[in-house]
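Participant: Here's my sequence, what's the structure:
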Amino acid sequence: MGETSGTKERNKSGKKVCVITGGGSGMGLSAARLMGETHYAIICGRTVQKLESAIADLQARGVECEAFPCDVSSRMSVKELARHAAELGEVQAVIHSAGMSPHMGDAEKIMQVNAMGTININEEFCEIMHEGGCILDVSSMSAYMAPEAILPTGAYKYAVSDKDAFYKKMMARVNLFPKKLRSSMAYVTSKNFVVWYAKKCANLYGSKGIRVLSVSPGNFNTPMGEAEKDEAVAYLKYAAIKRLGDPDEIAYLFKVCVDERNSYLTGEDILCDGGIVSGKKIHH
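Facilitator: From the prediction side, this is the model:
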């Protein structure tokens, strides 16, 4: 995996390319199954073994695909991914579903993956995508859960002009909280930023004919969701649909969003949470 010699031959069908970060399991893998019906799929993740089993699953379904290990928090790793994808054909869609939840790492790592990783993906793929392309950044319903007053929204604009300042300001806000809350705060603030940043990129990339939007999933039956299951079940009391989501449901939304026929949809966040956020507002 990851070689670039003779890569053109891999996409024998000449299909347009869809890159899916976090494609080894959960929502990303479900998205790859659906996108693979119309696109050449490149799935990315940090764990090679997980990618290999995902590729076996996809190929058994007749999906033309390959895996490419990538750490989205590394600018160089993302640059290599974008370059590799562009060599395989026209990259029409990027579904950026890689991310870390509060149970998966410390606050710094969560911020590096969720916030800096989204900046890396959007900026690098904007360079190689053409008119008709779409970048979909996956946020979370958590983006809607935090009071506005605790969010470092004034720092968001630095993501475009001064990334070091952006990261320092984001972490400075997170570090105001007690240590045991910092992972959760890093998650909430990074996901709130993703919603803002997708809107900003839609504005920046519109002249190139590239659409950018975000989707904010609620609680889904995925390996990442399993770690948060107790909290997820507690939120069901607010939901209109009293169950966890199925990954195929969100994958279908991703596919519809990036479809070239949806060419007027950009600069928006779509909340797909079974009605939890709206129910919570009404409840209070």
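
Participant: Backbone dihedrals for the closest residue in space to G117 that isn't next to it in sequence, please?
Facilitator: Using Cβ to Cβ, 6 or more residues apart in numbering and skipping residues adjacent in sequence, the residue nearest G117 is V72, 3.4 Å away. (C-beta placed from N, C-alpha, C; glycine too.) Taking degrees, to the nearest 10, you get phi -60, psi -20 for the backbone angles of V72.

Participant: Burial check on V72, number of neighbours?
Facilitator: V72: 27 surrounding residues under other Cβ atoms under 10 Å.

Participant: so it sits right up against N120, yeah?
Facilitator: Yes: if you go by Cβ atoms under 8 Å, V72 and N120 touch, sitting 5.9 Å apart.

Participant: Under the pLDDT cut-off, which ranges of the chain? List them.
Facilitator: Across the chain, the ranges flagged by pLDDT under 70 are 1-9, 223-230, 284.

Participant: quick one: the strands in it?
Facilitator: When assigned using DSSP state E, the strands of the chain occupy the ranges 17-21, 40-45, 65-69, 91-96, 134-138, 211-217, 269-272.

Participant: got those as JSON lines, with distance to M116 and mean neighbour count columns?
Facilitator: Shown next, in JSON lines, are those (distance: least, Cβ to Cβ, whole Å; neighbours: other Cβ atoms under 10 Å):
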{"stretch": "strand 17-21", "distance to M116": "13", "mean neighbour count": "28"}
{"stretch": "strand 40-45", "distance to M116": "16", "mean neighbour count": "27"}
{"stretch": "strand 65-69", "distance to M116": "18", "mean neighbour count": "22"}
{"stretch": "strand 91-96", "distance to M116": "12", "mean neighbour count": "27"}
{"stretch": "strand 134-138", "distance to M116": "13", "mean neighbour count": "26"}
{"stretch": "strand 211-217", "distance to M116": "16", "mean neighbour count": "25"}
{"stretch": "strand 269-272", "distance to M116": "20", "mean neighbour count": "18"}
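
Participant: and of those strands, who's closest to M145?
Facilitator: Nearest of those to M145, taken as Cβ to Cβ: strand 211-217 at 10.3 Å.

Participant: What's the separation between A93 and G133?
Facilitator: 7 Å (Cβ to Cβ, to the nearest Å).

Participant: just K163 next, same as before
Facilitator: According to Cβ to Cβ, K163 and G133 sit 23 Å apart.

Participant: More neighbours: which of the two?
Facilitator: G133 (24 against 16).

Participant: In space, what's closest to that one - neighbours in sequence excluded?
Facilitator: G133's closest residue in space is I210 (Cβ to Cβ, 6+ apart), at 4.6 Å.

Participant: wait, what's in contact with the residue nearest to G117?
Facilitator: 21, 44, 78, 96, 98, 113, 117-118, 120-121 (Cβ atoms under 8 Å, 6 or more residues apart in numbering).

Participant: What residues sit buried inside the longest helix seen in the chain?
Facilitator: In the chain, assigned by DSSP state H, the helix with the most residues is helix 182-205. Judged by neighbour count using 16 or more other Cβ atoms under 10 Å, the buried positions of helix 182-205 are 182-202, 205.

Participant: Highest neighbour count among the contacts of V72?
Facilitator: C44 (30 neighbours).

Participant: contacting residues for that one?
Facilitator: Per Cβ under 8 Å, 6+ apart, neighbours of C44: 19-23, 51, 67-70, 72, 81, 98.

Participant: Same check on M145?
Facilitator: Neighbours of M145 in contact, by Cβ under 8 Å, 6+ apart: 188, 277, 280.

Participant: Let me have the residues you listed in TSV, adding distance to V233 as columns.
Facilitator: Below are the contacts of M145 laid out as TSV (distance: Cβ to Cβ, whole Å):
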residue	distance to V233
V188	19
V277	16
K280	15
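
Participant: just curious, which of those is nearest to I55?
Facilitator: V188 (33.1 Å).

Participant: Would you quantify the distance from the closest one to P147?
Facilitator: As judged by Cβ to Cβ, V188 and P147 stand 10 Å apart.
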